[in-house]
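[1] predicted model, plus sequence, below.
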Amino acid sequence: MRIVFMGTPAFAVPSLEALVRGGHQVVGAFSQPDKPVGRHQNKLQPTPVKVCAQSHNIPVFQPEKLRDGTALAILRELAPELIVVAAYGRILPDDILALPSKGCINVHSSLLPKYRGSAPINWAILNGEAESGVTIMHMAHDLDAGDIILQRSTPIGETEDAAALYDRLADMGGELLVEAAALIEAGTAPRIPQDHEKATLAPMLSKALSPVDWTRSAREIYNQIRGLYPWPGASTDILTGEPVKLWGAQVVEKHTDAGPGAVIAAGKQGIDVACGEFGHVLRILELQAPGKKRMSAAAYLAGHPIQV
C-alpha cells in the first residue's frame, strides 16, 4: 500500500521500520519540527522518526501547523491509500482524516478505551495497573475514540518502569501494526466500537506530579517513581530540604510507629522511609541530589550520613 507515516519520538520508530520491512510503499513521513538543543539552543536535533525515515530515503515533512492547508496539499500530492499515526503529537483535522481511501489508523500504547491521551504508559504504572498493551484503531474526530482493529495486552513487570515499558510497547506496536495493515489491505479489518463509558484519560505529565506525598502507601509511591521515570521524576525534600530525585526504590515489609516521611533506617541496604501505610516502608535505593549525578543510596550516605 501507499502509506504516509506520521510520528515523532522513538516510540514510533519500530512502527515505521515494520512498515518498511513489510514491503509497503511509505511515500512520506510527517514529524514535528526539529527542536533546538544545547546550552545556547543553537543546534537543531532531528526527531527519531525523521532520522529513521531519512535512513530509508523516505521524504520527510515537518509542517508547523496542520490546519492551514499546507499539510493537506502535501498529502494530496503524495496520494496515500492509508495514513498511519504513531505518537505524532498533533491532532489530525477532519479534512486530512477523510483524505486516504483506506482511512487513517493510529498505534496507541494502551488498552483502549483505558488511557486516552498523551501519556498512557506512565499513567498505567502510576495507577498500579497489572497490564498494559497496544491498540491499533481507526482514527475518528474525537481523541483516541475510534473503532478498534486489533489489541494486544502484556503484563507490567513488578519492577518495570515507564521507560522499559515504553520500549516493549513500541516493539509490540510495530508488530501489531503490520498485522492490521494486512487486514486493511485485504479489506477485512474489523471495526470494534469502544465502550466510551469506560474511557479514562492519560493527560500530559508535568513537574507538578514529582513531589512525593509520604502519607500515601509505599506501593503508591513506588509506582510514582516508576511511572515518572525518566521525566519528570519523583522527588522529595525530606533528606536535604531541597528536592532530591528518587530513581530506584523498593517496598519493604517493616513495622514502625514513625510518622510518614520519617527516615527510620539508613545504611548499605538503602534509606528506609515511613509511609502512610502500616507494615510497609519505602526503601530508597538510588537518588540524585541537586547538582549531583545519580548514585546509589549507600554512596550518597557515605558523603551525607543521616542520623536515625
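    Sure thing, it's come through.

[2] now do the contacts for G128.
    G128 makes contact with R219, E220, N223, according to Cβ atoms under 8 Å, 6 or more residues apart in numbering. For glycine as for every other residue, the C-beta is placed from the backbone atoms N, C-alpha and C.

[3] buried ones among these?
    Among the contacts of G128, those classed as buried by neighbour count (16 or more other Cβ atoms under 10 Å) are E220, N223.

[4] which one among the contacts of G128 gets closest to M172?
    Taking Cβ to Cβ as the measure, M172 sits nearest to N223 out of those, at 21.4 Å.

[5] can you check the pLDDT for that closest one?
    With respect to pLDDT, N223 has a value of 98.

[6] which residue sits closest to it in space, ignoring its chain neighbours?
    G128 (5.1 Å; Cβ to Cβ, 6 or more residues apart in numbering).

[7] which residues of the stretch 101-250 of the chain fall in strands?
    Using DSSP state E, counting those that start in this stretch, the strands found in the stretch 101-250 of the chain span residues 104-108, 116-117, 131-138, 148-155, 201-202, 234-236, 244-253.

[8] can I get these in a markdown table including mean neighbour count, distance to L82 and mean pLDDT?
    Rendered in a markdown table, the data for the strands of the stretch 101-250 of the chain read as follows (neighbours: other Cβ atoms under 10 Å; distance: least, Cβ to Cβ, whole Å; pLDDT from 0 to 100):
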| stretch | mean neighbour count | distance to L82 | mean pLDDT |
| --- | --- | --- | --- |
| strand 104-108 | 25 | 7 | 98 |
| strand 116-117 | 18 | 22 | 98 |
| strand 131-138 | 23 | 11 | 98 |
| strand 148-155 | 16 | 12 | 98 |
| strand 201-202 | 18 | 26 | 97 |
| strand 234-236 | 22 | 40 | 98 |
| strand 244-253 | 19 | 41 | 97 |
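
[9] can you redo those as TSV with distance to Q307?
    As requested, the strands of the stretch 101-250 of the chain are exported to TSV (distance: least, Cβ to Cβ, whole Å):
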stretch	distance to Q307
strand 104-108	49
strand 116-117	44
strand 131-138	42
strand 148-155	41
strand 201-202	42
strand 234-236	18
strand 244-253	17
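
[10] low pLDDT regions in this protein?
    40 (pLDDT under 70).

[11] how near is R294 to L287?
    From R294 across to L287, the span is 7 Å (Cβ to Cβ, to the nearest Å).

[12] quick one: which of the two has more around it?
    For R294 versus L287, neighbours defined as other Cβ atoms under 10 Å are more numerous around L287 (23 against 13).

[13] and that one, helix, strand or coil?
    Here L287 takes the strand state, with states given by DSSP: H, G, I helix; E, B strand; the rest coil.

[14] beta partners of it?
    Counting by DSSP bridges, L287 forms beta bridges with L246, M295.

[15] can you pull the contacts of it?
    For L287, the contacting residues are L239, V244, K245, L246, W247, G248, I271, R294, M295, A297, Y300, taking Cβ under 8 Å, 6+ apart as the criterion.

[16] redo that, cut-off 7 Å
    V244, K245, L246, W247, M295, A297, Y300 (Cβ atoms under 7 Å, 6 or more residues apart in numbering).

[17] gap between the first one and R294?
    Using Cβ to Cβ, V244 is found at 11 Å from R294.

[18] what touches both of these two?
    Q288.

[19] of the contacts of G128, closest to V107?
    Sorting those by distance to V107 puts N223 at the head of the list, at 24.9 Å, by Cβ to Cβ.

[20] let me know whether that closest one touches W123 as I believe.
    No. Counting by Cβ atoms under 7 Å, N223 does not reach W123; the two are 10.3 Å apart.

[21] and F5, that one's in a strand?
    Yes. Under the criterion used here (three-state DSSP), F5 sits inside a strand.

[22] and it, bridged to which residues?
    When bridges are called by DSSP bridges, F5 pairs up with A29, V84.

[23] of all the helix elements in this structure, which one is longest?
    With DSSP state H setting the assignment, residue counts place helix 162-186 as the longest helix in the chain.

[24] how far off centre is that helix?
    On the basis of Cα atoms, centre = their mean, to the nearest Å, helix 162-186 sits 14 Å off its chain's mean C-alpha point.

[25] same question, stretch 37-51
    On the basis of Cα atoms, centre = their mean, the separation between the geometric centre of stretch 37-51 and that of its chain is 20 Å.

[26] report the buried residues of that stretch.
    Going by neighbour count (16+ other Cβ under 10 Å), the buried part of stretch 37-51 is P46, T47, P48, V49, K50.

[27] surely the fourth one meets A10?
    No. Contact between V49 and A10 fails when scored by Cβ under 7 Å: they sit 8.5 Å apart.

[28] who are the neighbours in contact with the closest residue to R116 other than its chain neighbours?
    Computed as Cβ to Cβ, 6+ apart, the closest residue to R116 that is not its neighbour in sequence is D144, at 3.7 Å. Counting by Cβ under 7 Å, 6+ apart, D144 makes contact with H108, L112, R116, G117.
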